[in-house]
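Undergrad: Build me a structure from this.
(chains A and B)
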Amino acid sequence: MLSREENELLCRIGAETPMGKLMRRYWMPALLGSELPAGGDPKRVRLLGEDLVAFRDAKGTVGLVDEYCPHRGASLALARVEECGLRCLYHGWVIAPDGRVLETPPEPEEMGFREKIRARSYPVRERGGMIWAYMGPPGLEPPLPNFPFCELPPEHVHVQKVKVDCNWAQVIEGVIDSAHTNYLHKDLLRPPAKDQDVSVYRGVNIARPSDDGQPRIECRNTNYGFRYAAIRKPTVDPDKNKYIRVTLWIAPFYSAFPAGKGWANIQGMLPIDDEHTMFHFWRYCFDRPMTQQERDDITALSGFKPGVDIVDLDTRQLRQTRANNWLQDREAMQNGTSHSGIAGANIQDIAVEESMGPIYDRSKEHLGTSDIAVIRMRRLLIDSARAHAERGETPIGLDASAELAYLRAEEATIPLAEPWEPISAYGDLSPV
Amino acid sequence: MLSLEENELLCRVEGTAPAGETMRRYWLPALLSQEVAQADGTPVRIRLVGRNYVAFRDSAGRLGVLDASCPHRLASLALGRNEEGGLRCIYHGWKFDVAGRCVEMPTEPAGYNFADKVRIGSYPVRETGGIVWIYLGPPELEPPFPAMDWTSLPREQLCIIKFVQNSNYMQATEGAIDTAHTWFLHRGDVGDWKHRMSVTQDFSPKLETEDTPYGFRYASIRRPSEDPEHKRYVRVTNVVYPTTVHVPRPMVPDLLPAVQIFIPVDDTHTLHFTIFFSPDGSPVDEQAIREDWRCIQGEHVDARTFAFDTQESNWWKQDRVAMKNGSYTGIFGIPKQDVACQESMGPIVDRSQEHLGTSDVAIIRMRRRYLQNIRDVAAGQPAIGTAPGIDYAHVRSEQRIIGVDEPWQSVGAFAGEFASLKR
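TA: Predicted coordinates:
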């Protein structure tokens, strides 16, 4: 539970808000590199409540500038992409990737009018198949995120991106909430088959050696955010062993949870504005390219089939929305073939997250012991946003020692007496 | 650039906003005669300056415009039955004539005379050459009808294109007093493009403006390719208040003169009319213009709502492949290019964010004059152009090459008349 004031502080990310200022200190995964091919069209991007347009000029330079022409505000997403920038259709002004105004054809050049104007623009970098943007104060850019997938060839990586119609914080809260998986995703989790090695993985991993729906949560703060263990009774030998799943929260809006051996994944909840979020799901295989079958399995598990579930590949709009009750199938619920009546693991998450409303009111909730990780994340973010806004302190996770390339989220079954902390240990702020 | 406060004052027309009250002091074109052609035909919904009205032609062929809501319990009379000399609300059968009198009230006892005490708002109507005009302001302030040269022409000598765009009226109006953009956005598409290119290569016009009793006019002055030392190429545009823009008559024979009118539907929608007219009596090929402008009724323009097929939701059907193959904008049809740009700014553009240059001088001065008019009307002054005796029929926008010593005011209407005020 949060006060209304703290709830606002946590959720709102406009340029003048404490959380908006905090967010702007991190690199944002603004676009997939594939959304901006060489010779392609300009693309509208709404980020942190700002309307922007991204483009790749004829020289290959990527620009991210204010969507609206500084002259009279026509959208530059309508513009022509030319050698050195975007040419507005309306009066032919040319805006360079860095926001300089290169031409104002209706104006007499000798007056130097154009040199006095600069379009808002943000630095961009490409890494790991993503175009990253920095929207904060110049000179304070942190190093680019070096998530493990950033260094892998594209054949090893599978990325999904869909728009979610609610505030970013309730989307990330859905990922650092181990307990919900036993209920919301009941249809998808299965005990391992006899002799099944759960570490053998094909991109999706739904076999769990435990059906314990009351996990105990323990957290440890780290230099990138925090990590927590969900501790469950295993199906086999529950009086001797415990089943541990370690999940990472990586500031400001990423999370990683266990995948199979040799595999990993990260989710990221990029705020489009206060009431919309771009959900990213990167899955990757360290030692070999992914097969097409594995990619298809991932798509089927998530429920994100392009052209079917993702009805608009430009806006990443899903077919399942509040307006159609996320296509919930009550008949399937009644005849026992489905627990949630909603197809697709990630569609199930999105349905409940959107169902809370555009900005969930945390002053009305009732949190239990299984919500400890959610409570921890809110506390860390709110404290960091305040310390940053009031005292200029370094935002959480931007500690220079945090090497994201080392991050792993793992699962293991260990003896009851053993500590869980050595599993996926990296970056803890205090020794075990 | 305007402050946010001035921007709101200029743009907002709903409720009792001052710009709306000012707009209601003028005769406004509201619909096409063909929409209400039939006696006892379907009543037509009109939303204008943020309020809802209903138009109908009664059994005797008289045209009425009433408030849309039945005064009884406010059901829309656009649902009503148009029969036997009036419009009958389908809810409880109350019936109103074109003058707004309640002529039947079947649910009430006859002896009460309640019907005599109830009236619905009704508004003066005029029809000229296929257009229905209405006056929505205080009855005692009804101005003379602005009879312009084109308003006296029969329908056959006109091409009337009507559509609704999804932006504030001011964005649309500014597009029509912005000569510089036609050299870019409409590159190659305006009918006299070849002629323009033969006359001048000057894309950076100098603008001069002048207030007039009927509103405003401005000249765009360019260096002609031929003899630029001694000549200048002048295009004069007149604005008849509130928002009728007389486009400079083409210098090329066979091209028709035109006016454009922008009436607020509400804060974020605008009713657009472009009227081409044939002053010499020859008939106008409306279909050919509609094809060229991609404004064919039923295909590009919705037959009832007058919405364009090109909308932000389909990104105005911009064709990027065509842009690579030589189309400048990838958008086809001149008004669709304008509307795409204007709608892309958002429903009400934030003018505190813009950067205006010398080519925007007409827009800057025009906003000042609009704001002054809005403030004056709010302070009880008459609206610009509503005084009797203005010779609207004489207003004419022209273009010509003149000597450098000749005043630009010699081009077009009232030649020399306002020049004398200036000197």
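Undergrad: Contact residues of the stretch 201-350 of chain B facing chain A?
TA: Contacts of the stretch 201-350 of chain B with chain A, taken as Cβ under 8 Å from any Cβ of the partner chain, map to B:203-205, B:315-316, B:318, B:320, B:323, B:328-329, B:331, B:337, B:340-342, B:344-346, B:349-350. To be clear about C-beta, it is placed using only N, CA and C from the backbone, and glycine gets the same treatment.
Undergrad: Please indicate which of those residues are buried?
TA: Neighbour-count burial (16 or more other Cβ atoms under 10 Å in any protein chain shown) is assigned, among those, to B:203-205, B:315-316, B:318, B:323, B:328-329, B:331, B:337, B:340-342, B:344-346, B:349.
Undergrad: Now do the lengthiest helix in chain A: distance to the chain's middle.
TA: Selection of the longest helix in chain A by residue count, based on DSSP state H, yields helix A:372-391. Remark: helix A:372-391 is offset 18 Å from the chain centroid, using Cα atoms, centre = their mean, to the nearest Å.
Undergrad: cool, and stretch B:163-183?
TA: 10 Å.
Undergrad: could you dump it to PDB, C-alpha only?
TA: Taking C-alpha atoms only, stretch B:163-183 is exported to PDB below (Å, rounded to 0.1, in the frame of the first residue of the first chain):
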ATOM      1  CA  PHE B 163     -15.400  18.300 -45.800                       C
ATOM      2  CA  VAL B 164     -14.800  18.200 -42.000                       C
ATOM      3  CA  GLN B 165     -11.300  18.100 -40.700                       C
ATOM      4  CA  ASN B 166     -10.100  17.000 -37.300                       C
ATOM      5  CA  SER B 167      -8.400  20.100 -36.000                       C
ATOM      6  CA  ASN B 168      -9.200  23.500 -34.700                       C
ATOM      7  CA  TYR B 169     -10.400  26.000 -37.300                       C
ATOM      8  CA  MET B 170      -7.400  28.300 -36.800                       C
ATOM      9  CA  GLN B 171      -4.900  25.800 -38.000                       C
ATOM     10  CA  ALA B 172      -7.000  25.400 -41.200                       C
ATOM     11  CA  THR B 173      -7.400  29.200 -41.600                       C
ATOM     12  CA  GLU B 174      -3.700  29.800 -41.200                       C
ATOM     13  CA  GLY B 175      -3.000  27.300 -43.900                       C
ATOM     14  CA  ALA B 176      -4.900  29.500 -46.300                       C
ATOM     15  CA  ILE B 177      -3.000  32.700 -45.500                       C
ATOM     16  CA  ASP B 178       0.300  31.000 -45.800                       C
ATOM     17  CA  THR B 179       1.500  31.400 -49.300                       C
ATOM     18  CA  ALA B 180       5.000  30.000 -48.600                       C
ATOM     19  CA  HIS B 181       3.700  26.500 -48.000                       C
ATOM     20  CA  THR B 182       2.200  26.100 -51.400                       C
ATOM     21  CA  TRP B 183       5.600  26.100 -52.900                       C
END
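Undergrad: Now it: buried residues?
TA: Buried residues in stretch B:163-183, counting neighbours by 16+ other Cβ under 10 Å, are found at B:163-183.
Undergrad: got it, and stretch B:393-405?
TA: In terms of neighbour count (16+ other Cβ under 10 Å), stretch B:393-405 has its buried residues at B:395-402.
Undergrad: that older thread, tell me which of the buried residues of stretch B:163-183 fall in strands.
TA: Among the buried residues of stretch B:163-183, the residues falling in strands (DSSP state E) are B:163-165.
Undergrad: which regions of the stretch 151-300 of chain A sit below the pLDDT cut-off?
TA: Counting by pLDDT under 70, the stretch 151-300 of chain A has low-confidence residues at A:192-193, A:196-206.
Undergrad: The closest residue to B:Arg155 other than its chain neighbours: neighbour count?
TA: Of all residues not flanking B:Arg155 in the chain, B:Gly130 sits nearest, at 4.2 Å (Cβ to Cβ, 6 or more residues apart in numbering or on different chains). Neighbour count for B:Gly130, taken as other Cβ atoms under 10 Å in any protein chain shown: 18.
Undergrad: doesn't B:Ile160 make contact with B:Gly130?
TA: Yes. In this structure, B:Gly130 is within contact of B:Ile160 by Cβ atoms under 8 Å, at 5.5 Å.
Undergrad: anything in contact with each of the two?
TA: Contact criterion Cβ atoms under 8 Å, 6 or more residues apart in numbering or on different chains; residues shared by B:Gly130 and B:Ile160: B:Leu32.
Undergrad: what sits against residue 302?
TA: Using chain A here. Counted by Cβ under 8 Å, 6+ apart, A:Ser302 has contacts A:160, A:281, A:344-347.
Undergrad: Chain B is the one I meant
TA: By Cβ under 8 Å, 6+ apart, the contact set of B:Asp302 is B:308-309.
Undergrad: Looking at the stretch 201-350 of chain B, what residue ends up closest to chain A?
TA: Nearest residue of the stretch 201-350 of chain B to chain A: B:Ser344, at 3.2 Å (Cβ to the nearest Cβ).
Undergrad: Quick check: pLDDT value at that residue.
TA: Note on B:Ser344: pLDDT of 97.
Undergrad: Skip the chain neighbours and tell me the closest residue to it.
TA: Here the residue nearest B:Ser344, using Cβ to Cβ, 6+ apart, is A:Ser75, at 3.2 Å.
Undergrad: Kindly state the pLDDT recorded for the nearest residue to B:Glu398 once chain neighbours are set aside?
TA: Distances taken as Cβ to Cβ, 6+ apart put B:Gly412 closest to B:Glu398, at 4.0 Å, once the chain neighbours are dropped. In this prediction, B:Gly412 carries a pLDDT score of 85.
Undergrad: repeat for B:Pro106
TA: At B:Pro106, the model reports a pLDDT of 88.
Undergrad: Any chance you could list what contacts stretch A:183-191?
TA: With Cβ under 8 Å, 6+ apart, stretch A:183-191 has contacts from A:181-182, A:206-209, A:211, A:213, A:235, A:301, A:338-340, A:345, A:348-349, A:352.
Undergrad: Now with 7 Å, please.
TA: A:181, A:206-208, A:211, A:213, A:235, A:338-340, A:345, A:348, A:352 (Cβ atoms under 7 Å, 6 or more residues apart in numbering or on different chains).
Undergrad: Stretch B:276-291 now?
TA: Taking Cβ under 7 Å, 6+ apart as the rule, stretch B:276-291 contacts B:149-150, B:153, B:156-159, B:161, B:256-258, B:296.
Undergrad: Filter those residues down to just the ones in strands.
TA: B:158-159, B:161, B:258.
Undergrad: closest to A:Ala133 among the residues you listed?
TA: Set against A:Ala133, the nearest of the ones in strands among the contacts of stretch B:276-291 by Cβ to Cβ is B:Ile161 (42.5 Å).
Undergrad: So that closest one versus A:Asp312, what's the distance?
TA: Relative to A:Asp312, B:Ile161 is positioned 32 Å away (criterion: Cβ to Cβ, to the nearest Å).
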